[in-house]
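> Here is a sequence with its predicted model. Questions after.
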Amino acid sequence: MTLILGLESSCDETAAALVDSERRVLAHRVAGQEAEHRPFGGVVPEIAARAHVDRLAPIVEGVLADAGVTLADIDAVAATAGPGLIGGVMVGLVTGKALAHAANRPLIAVNHLEGHALSPRLADETLEFPYLLLLVSGGHCQLLLVRGVGDYRRLATTIDDAAGEAFDKTAKLLGLGYPGGPAVERVAREGNPRAVPLPRPLIGSAEPHFSFAGLKSAVARAAASGEHSVPDLAASFQQAVVDCLVDRSRIALAACPDATAFVVAGGVAANGTIRTALTGLAARFDKTFVAPPLWLCTDNGAMIAWAGAERFAAGLTDPLDTAARPRWPLDPEAEAVRGAGVKA
Ligand code: KG4
Ligand code: ZN
């Protein structure tokens, strides 16, 4: 049994957790920064980095106290080393290096996307490689065949905005505030998902890539027309995203008959309507559907600790001079897709 401390600070959540190789989450704490960023309608990188500096040390002390352990009880320190907002990533990685050095334990530099990709295995011990993963977060929208720890094949990515980004921008233009995803989902419950005609970008194309920028612009035009209620706009937008995610995932599922399961992860996977639609899709392909619990979908320290545990078990540790990386694709072999270099 090994015990891993995980640190996460790549976006606007400061988080730490203690997870062991038996999948027990001994402690986890997350501090959001919604109040700091709300006046700006989105995450301000410099404000985020400063908030991580203030919060990370007390959060680490907190999880150690919650679990009743000390640094000496830990086998390795895992920290997000990218991709993400570089100031925040550096705060977490430097903290991880200092703790690893002080405790004389190895450092594990974790790719944040690998944290999301392996988090379903923390929640479900029966989930075996290879599985098809729909990774939908604020910065990414990808379909990946997860073949093993550190072994990913990217089947598709977004050619412009990520799914969560589309939720956030739509929320902003509908005046629903930040963070956008949960706000859109809440308001959409009161609306008619068929009320506003909106495009389904790339539906029907043979490759399972995504595009959401045109959808967001169409919502902006529909909102400006003054003909629709905010709940109808939110519900119709959400339905368009659902239809795109289902159609694109369908192509990927057809291309991966050997996948043991269809898995969704990342912040957007917290959306109930999306989860329900993907459950139905998996059933059509006779695949097990796995979605981590909501707290494990949005950014957290446990997914980083668990990815650390998986890497540690595979003998993968990193030197203390490991650099923070603003971009870090999970599949370095994946072809660049038009416009996607910015995100993936
Ligand atoms: O994985 P995550 O916490 O951070 C990134 O790595 O990006 O994902 C955050 C994204 C945000 O864009 C947020 O609006 C979206 O996930 N999100 C949701 C919901 N909860 C969070 N999108 C739709 N519905 C939700 N319930
Ligand atoms: Zn994330």
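Thanks, I have the structure now. Ligands and ions are numbered 1, 2, ... in the order given.
> Tell me which residues touch the residue most central in space within the chain, please.
Against the mean C-alpha coordinate of the chain, by CA atoms, centre = their mean, the closest residue is Gly266 at 2.9 Å. Counting by CB atoms under 8 Å, 6 or more residues apart in numbering, Gly266 touches 116, 135-137, 140, 164, 297. For the C-beta atoms, the positions are set from N, CA and C on the backbone; glycine is no exception.
> Of these, grab the buried ones for ChimeraX.
Buried residues within those, by 16 or more other CB atoms under 10 Å, are selected in ChimeraX with:
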select :116,135,136,137,140,164,297
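> Now tabulate the contacts of Gly266 in JSON lines and tack on secondary structure.
Listed next are the contacts of Gly266 as JSON lines, based on DSSP: H, G, I helix; E, B strand; the rest coil:
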{"residue": "His116", "secondary structure": "helix"}
{"residue": "Leu135", "secondary structure": "strand"}
{"residue": "Val136", "secondary structure": "strand"}
{"residue": "Ser137", "secondary structure": "coil"}
{"residue": "His140", "secondary structure": "coil"}
{"residue": "Gly164", "secondary structure": "helix"}
{"residue": "Cys297", "secondary structure": "helix"}
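> and which of the contacts of Gly266 is nearest ligand 1?
Gly164 (2.5 Å; CB to the nearest ligand atom).
> after the helix ranked longest in the chain comes which helix or strand?
Counting residues, the longest helix found in the chain (DSSP state H) is helix 230-255. Helices and strands here follow DSSP states H and E; after helix 230-255, the next one along the chain is strand 261-265.
> distance between that next one and the chain's centre?
Offset of strand 261-265 from its chain centre (CA atoms, centre = their mean, to the nearest Å): 12 Å.
> Ala163 contacts Val136, doesn't it?
Yes - in this structure, Ala163 is within contact of Val136 by CB atoms under 8 Å, at 4.5 Å.
> So the residue in the stretch 201-344 of the chain that ligand 1 sits nearest to versus ligand 2, what's the distance?
Residue of the stretch 201-344 of the chain nearest ligand 1, by CB to the nearest ligand atom: Gly267 (2.1 Å). Counting by CB to the ion, to the nearest Å, the separation of Gly267 from ligand 2 is 6 Å.
> Return the residues of the chain in contact with ligand 2.
137, 299 (CB under 5 Å from the ion).
> I'd like the next helix or strand past the helix-or-strand element of the chain with minimal mean pLDDT.
Each helix and strand of the chain was given a mean pLDDT (mean pLDDT, DSSP states H and E); the minimum falls on helix 34-37 at a mean of 88. The C-terminal neighbour of helix 34-37 among helices and strands, as given by DSSP H and E, is helix 45-67.
> Name the residues that touch that following helix?
By CB under 8 Å, 6+ apart, helix 45-67 touches 5, 7, 9, 11-12, 14-18, 26-29, 31, 33, 36-37, 40, 70-71, 85-88, 90-92, 95, 99, 301.
> now that helix: how far from the chain's centre is it?
20 Å.
> okay, that helix in PDB with CA atoms only?
Presented in PDB, the C-alpha positions along helix 45-67 are these (Å, rounded to 0.1, in the frame of the first residue of the first chain):
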ATOM      1  CA  PRO A  45      -4.400  34.200 -14.600                       C
ATOM      2  CA  GLU A  46      -2.400  36.500 -12.300                       C
ATOM      3  CA  ILE A  47      -5.200  36.700  -9.700                       C
ATOM      4  CA  ALA A  48      -5.400  32.900  -9.900                       C
ATOM      5  CA  ALA A  49      -1.700  32.400  -9.300                       C
ATOM      6  CA  ARG A  50      -1.700  34.800  -6.300                       C
ATOM      7  CA  ALA A  51      -4.700  33.000  -4.800                       C
ATOM      8  CA  HIS A  52      -2.900  29.700  -5.200                       C
ATOM      9  CA  VAL A  53       0.100  31.100  -3.300                       C
ATOM     10  CA  ASP A  54      -2.100  32.200  -0.400                       C
ATOM     11  CA  ARG A  55      -4.200  29.000  -0.200                       C
ATOM     12  CA  LEU A  56      -2.100  26.000  -1.100                       C
ATOM     13  CA  ALA A  57       0.000  25.600   2.100                       C
ATOM     14  CA  PRO A  58      -3.000  25.800   4.400                       C
ATOM     15  CA  ILE A  59      -4.900  23.300   2.200                       C
ATOM     16  CA  VAL A  60      -1.900  20.800   2.300                       C
ATOM     17  CA  GLU A  61      -1.700  21.200   6.100                       C
ATOM     18  CA  GLY A  62      -5.500  20.700   6.200                       C
ATOM     19  CA  VAL A  63      -5.500  17.400   4.400                       C
ATOM     20  CA  LEU A  64      -2.600  16.100   6.400                       C
ATOM     21  CA  ALA A  65      -4.500  17.000   9.600                       C
ATOM     22  CA  ASP A  66      -7.800  15.500   8.200                       C
ATOM     23  CA  ALA A  67      -6.100  12.200   7.500                       C
END
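> Tell me which residues of that helix come out buried.
47-53, 55-56, 59-60, 62-64, 67.
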